[in-house]
Every structure is written in C-alpha cells, then in structure tokens.
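Visitor: Fold the stuff below for me.
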Amino acid sequence: MEILEEQIIGELVAENYKTASVFKKFKIDFCCNGNRTISEACERKKLDPSQLINELRNTIINVEQNIDFNSWELDLLVDYIEKTHHRYVLTKIEEIKPYLNKVTRVHGEHNPELKEIEILFNQSAQELSQHLQKEEMILFPFIRNMVHCKIEEKPLLFPHFGTVENPIAMMKHEHQNEGERFEKIAELSNQYTPPSHACNTYRVTFALLKEFEDNLHQHIHLENNILFPKAIKMEKEFH
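Guide: This is a model prediction of the structure:
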C-alpha cells in the first residue's frame, strides 16, 4: 500500500483503520479534520512527513506467520502469550475506551446499541485485566517452575492451589465468559459493520473491536488448546 505526503488523512484511515493509532500517537485529528493531507498536518505539527509515513507503513505491513506453537516449550509459550497477547489487551483497552466513549456520546441517541456495547466492553476490560493478573501472578509462574524442575530434574512441590487443574478450570471459565460477551458485542454491532452515516472514528472503533475479538480468540486458543493441556500433562508426569 503506497502512502504519499499528499494523501488525505481521512481517506487513508477509511482504507486501513490501523493507521488511526499512528495519527493518534502524533496527536493528528483524523476524524473532524480528516480532510487534510499528511503534508499539511505535518507542517502544522512541525513533524517530518517521512517519519510519519514510515510509521504508517510499518503499522499496516501484514507479515504472515506460520508458527508451530504446539512444538514450543511451555515456558517459551507462556512468555509469548504474556508479552504478545497480554500486552496487546492492556494497550488496546486504553486505545478503544476513549474512542468508544466518544462515539457513544455523539451517536448514542440515534444508535442506542452503542451504549450497551460500551457497557459490555468496559465490563470485559475490567474482567480481562484481573484475569491477566491471575495468570501472571499464579498460573504462569507455576508453569515456568515446572519446566525448570523438569530441566534440573528436581522434585515439584505441591502448590497452594493443590493442582494446576484448579486455576486452569477458573481461567477456562473466564475465557468462556469473555467469548460470550464478545458474541453479544458482535451481534449488537451487526458483526462490527458501521452504519452508512458513520464517521471515521465510528468506523475505526468498530474495526478495533473486531481486531480485539480476533486477537482474543487466538489468545484463548493458545491457552485452552495448547498451554493448559500440556501443563496438566506435565504436572501428572511429576506425580
């Protein structure tokens, strides 16, 4: 995708919503003042257009990754989930919330479903933040310790939660709750399809929500289908 200095900001965001995060980073309004060119916006902000364009290009590059996660050691998989998906969740929550709040305030009267979407997303943000903390403070350290004990051929001490299956059962239950919550958000948003009158912020918000759900599905898949079964199996091998 070619990006030029004379490209209209609003048109670029409409074509690829991921560019919105770059404009937000540089405090460039892509919605109400989206009819400006990149060059005009950079001149006003005293920015180097080439720097902005490079960031925009890096943001929209889509690198296909065919990774065999099933072959990874569990401590590596835990590190990947934490540094990739956990950080993504926390970062995107902070990005989506103000967008969603603005769209709800501006369009909520004519699109009342936005208010319910905002409530559901805020609930998800709170629950997921607590969920990630439990994984990072309880479950993941135990899994790392299991791998360490296996490598060092040391005995594994019983954790205070009895068996790894107990926190895993809780995490899977919370995964189920989030999956159902986002099913409702997808239903209310017509599968993240903005109405014809939607402004750029409206469209970006729905695109970010869809991306968030897609990332959450991959996140849950890595844990439910790979990490958790292998952690249970490894613990049983110790006993």
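Visitor: who does the helix or strand containing P229 touch, helix- and strand-wise?
Guide: P229 is part of helix 228-238 when elements are defined by DSSP states H and E. Applying 3 or more C-beta pairs under 8 Å, 6 or more residues apart in numbering; DSSP states H and E, we find helix 228-238 packed against helix 74-80, helix 140-152, helix 165-188. (Each C-beta comes from the backbone N, C-alpha and C, glycine too.)
Visitor: Looking at those helices, spot the one closest to L100.
Guide: helix 165-188 (10.3 Å; C-beta to C-beta).
Visitor: Let's have the helices and strands packed on helix 228-238 in TSV, adding distance to E11, mean pLDDT and mean neighbour count.
Guide: Formatted as TSV, the helices and strands packed on helix 228-238 follow (distance: least, C-beta to C-beta, whole Å; pLDDT from 0 to 100; neighbours: other C-beta atoms under 10 Å):
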stretch	distance to E11	mean pLDDT	mean neighbour count
helix 74-80	36	97	18
helix 140-152	43	96	16
helix 165-188	27	96	16
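Visitor: Adding distance to I53, write these out as a markdown table.
Guide: A markdown table is the format used below for the helices and strands packed on helix 228-238 (distance: least, C-beta to C-beta, whole Å):
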| stretch | distance to I53 |
| --- | --- |
| helix 74-80 | 31 |
| helix 140-152 | 39 |
| helix 165-188 | 33 |
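Visitor: Out of these, the one nearest F30 is which?
Guide: With C-beta to C-beta as the yardstick, what comes closest out of the helices and strands packed on helix 228-238 is helix 165-188 (23.3 Å).
Visitor: residues of the helix or strand that comes right after that closest one that come out buried?
Guide: In the C-terminal direction, the helix or strand that comes right after helix 165-188 (DSSP H and E) is helix 200-221. Buried residues in helix 200-221, counted by 16 or more other C-beta atoms under 10 Å: 200-213, 216, 219-220.
Visitor: Confirm for me that H175 is in contact with N224.
Guide: Yes. Contact criterion C-beta atoms under 8 Å: H175 and N224 qualify, at 6.2 Å.
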